[in-house]
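Novice: Just need the structure, nothing else, for what follows:
(3 chains)
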Amino acid sequence: MKENVAKKQEVAFDDQSGNSMNYSQVMQEITAMKSQLEAVSKSTASNKLSMIVFSGDLDKVLASFIIATGAKAMDMDVVMFFTFWGTPVLRDKGKKAGGKDFMGKMFGSMLPKGSCEVKLSKMNMAGMGTKMMKSLMKKKNVATLEQLIEMAGELGVRIYVCEMSMDLMGFKREEMIPYPDLTYCGVAKFLDEAMDSKIQLFI
Amino acid sequence: MKENVAKKQEVAFDDQSGNSMNYSQVMQEITAMKSQLEAVSKSTASNKLSMIVFSGDLDKVLASFIIATGAKAMDMDVVMFFTFWGTPVLRDKGKKAGGKDFMGKMFGSMLPKGSCEVKLSKMNMAGMGTKMMKSLMKKKNVATLEQLIEMAGELGVRIYVCEMSMDLMGFKREEMIPYPDLTYCGVAKFLDEAMDSKIQLFI
Amino acid sequence: MKENVAKKQEVAFDDQSGNSMNYSQVMQEITAMKSQLEAVSKSTASNKLSMIVFSGDLDKVLASFIIATGAKAMDMDVVMFFTFWGTPVLRDKGKKAGGKDFMGKMFGSMLPKGSCEVKLSKMNMAGMGTKMMKSLMKKKNVATLEQLIEMAGELGVRIYVCEMSMDLMGFKREEMIPYPDLTYCGVAKFLDEAMDSKIQLFI
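Specialist: From the prediction side, this is the model:
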């Protein structure tokens, strides 16, 4: 009996000392996990969609705005980064900008002036295919590009315009469409947004 | 000496009370971490690849199926969303659909009828480049588009077809290829899949 | 008083037994969370950008290198996978490769030889548009494609070249540009990198 009691006491003692030793271990484990969890949490993407709209073809720009407004309807944060041929889509056909050099004037007249002048990537056939597609879209009750841009603005789709493209093509800020949330920026800003997005597309 | 003993007892007491206080803290920390971990876990992407096949060019469609079957071979879940020019690639050249209106008939005859009629995006040269590429692929033992589509079906690549594109181009469901896992849907379905995918591509 | 003491002892006992029971629970919870955290951690993407450069158009290749060098400047790991029309961009115009068959020679002469011969996707206008764009870029102090490739090499952008494309187009390794970190591989390698990347783009 004495042995038993002695053993029990030893166990109890071990248990206690074990507990107190393990207690600080537990706290260490928890602290380590906390910082790990924070790091993992930071590296997971937000409920955001980032798109580079590089193309200026009517079909692709339409697709990008259908995706953008669709994502907004699903409560995603949506960012569109317009660059290169995508940039002239956002020009306002009713506006004029002075003070352009020769190249700027040339690009300005050769590139489409806003969403109405944008053409299909295939089967444009000197404008006939594009006209056909537009009349077809009207008949089928598909929103036009102008309507989609307006809807995107109302829904809060954020638009970035590539400053380098503006500069290269000689576009001035005063000739762009009025859009609720339009910012001029560089590639770093896009990468910053995309890095943190669940979906990224190059269109 | 008395002071020492008193201090020791105080410390011991503090320790104990500290322990019991910290114990409930530990449980709180663990509960907090658990829900945080669950949230993070939900926001991480599945081992899935989502592709929008917007293009109908032979080279790009080939690339999309090479990527799709390659990803399947790596045990990824693969989803392809065919829209716009990508849609006619999935037409069955042996099938006919009646009841089309004028526009539907026109689009139907102008757009490629299935994977055999699909052309290169560059150097098509009135079909010669496409023929050359096809004979070259045969010589180099690269699978044809038809073989790749069949393989994708066998491997379980899931295909979605954009309903709006079907409607716009006047395609009927009965003129599409038989494919094991083909569903008609809208952009929301694609976003739903893409949101949860490790890789998303717009092709 | 006796009752009180007895109660106190009971509580103390309960507390202890509760503690020791909960202690092993705590350890179980921690172990479970640890492995869950590890799994989540593994499934989160690295600070990496993966791009498929499928296009061989000057504007798109320029965009891909502007994005690549921009991402490197932001301390991201960057991987570019050159396939199909993107492959000839990396040919060295000063090098020749012998032992080509008829098809290889034909493709070799028809496709651009390196970054200098690459053309715009739009408004090339028999080379005039491309020349205009290049002179414009010079005037606006935008880096040329050759400078961007060199910069990418210095910054440590990793380049993969698709072996199937090399084979299809009959290109030999000895006719490619010298680049610090260039590897030949298949689609599986790309997927492997992309799966683990925060941003993936198909250009």
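Novice: center of chain A, which residue is that?
Specialist: The central residue of chain A, meaning the one whose C-alpha is nearest the mean C-alpha position (C-alpha atoms, centre = their mean), is residue A:50 at 1.8 Å.
Novice: Pretty sure that residue sits in a helix.
Specialist: No - with the criterion set as DSSP: H, G, I helix; E, B strand; the rest coil, the secondary structure at residue A:50 is strand rather than a helix.
Novice: Enumerate the beta-bridge partners assigned to it.
Specialist: For residue A:50, the beta-bridge assignment (DSSP bridges) gives partners residue A:79, residue A:200.
Novice: didn't it look like it was pressed against residue A:197?
Specialist: Yes - proximity of residue A:50 to residue A:197 meets the contact threshold set by C-beta atoms under 8 Å, at 4.2 Å. No exception for glycine: its C-beta is placed from N, CA and C like everyone else's.
Novice: shared neighbours of these two, anything?
Specialist: By C-beta atoms under 8 Å, 6 or more residues apart in numbering or on different chains, residue A:50 and residue A:197 have these common neighbours: residue A:79.
Novice: residues contacting residue A:104?
Specialist: By C-beta under 8 Å, 6+ apart, residue A:104 lies in contact with A:169-171.
Novice: interface residues of chain A facing chain C?
Specialist: A:15, A:19, A:22, A:26, A:29-30, A:33, A:36-37, A:40, A:43-45, A:52, A:54, A:56, A:83-85, A:103, A:106, A:110, A:164, A:167-168, A:186-188, A:191-192, A:194-197, A:200-202 (C-beta under 8 Å from any C-beta of the partner chain).
Novice: Just those residues: which are in strands?
Specialist: Taking DSSP state E, the ones among the residues of chain A next to chain C that sit in strands are A:52, A:197, A:200-202.
Novice: how about those residues, which pair is most distant?
Specialist: Set against one another by C-beta to C-beta, those have their most distant pair in A:197 and A:202, with a gap of 12.6 Å.
Novice: between those two, who's got more neighbours?
Specialist: When neighbours are counted by other C-beta atoms under 10 Å in any protein chain shown, residue A:202 comes out ahead of the other of residue A:197 and residue A:202, with 26 against 23.
Novice: Surely that one touches residue A:60?
Specialist: No - if you go by C-beta under 8 Å, residue A:202 and residue A:60 don't touch, sitting 10.5 Å apart.
Novice: unless I'm mixing things up, residue A:149 is touching residue A:65, no?
Specialist: Yes - using C-beta under 8 Å, residue A:149 and residue A:65 qualify as a contacting pair, with a distance of 6.4 Å.
Novice: Isn't residue A:96 up against residue A:171?
Specialist: No - no contact is recorded between residue A:96 and residue A:171 when judged using C-beta under 8 Å, the distance being 11.8 Å.
Novice: Where does the prediction get shaky in chain A?
Specialist: Low-confidence segments of chain A (pLDDT under 70): A:1-22, A:123-128.
Novice: Helices along that one, start to end?
Specialist: Along chain A, counting by DSSP state H, helices occupy A:2-43, A:58-73, A:102-110, A:128-139, A:145-155, A:163-168, A:187-195.
Novice: Spell out whether the fifth one and chain B are in contact.
Specialist: In other words, helix A:145-155. No - counting by C-beta under 8 Å from any C-beta, chain B has no neighbours in helix A:145-155; the shortest distance is 12.0 Å.
Novice: packing partners for that helix?
Specialist: Contact analysis of helix A:145-155 by 3 or more C-beta pairs under 8 Å, 6 or more residues apart in numbering or on different chains; DSSP states H and E lists helix A:58-73, strand A:77-82 as its packing neighbours.
Novice: buried residues in the first one?
Specialist: If you call a residue buried by 16 or more other C-beta atoms under 10 Å in any protein chain shown, then helix A:58-73 has these buried ones: A:58-72.
Novice: Just the closest of these to chain C, please.
Specialist: Distances from chain C to these, taken as C-beta to the nearest C-beta, are shortest for residue A:60 (11.9 Å).
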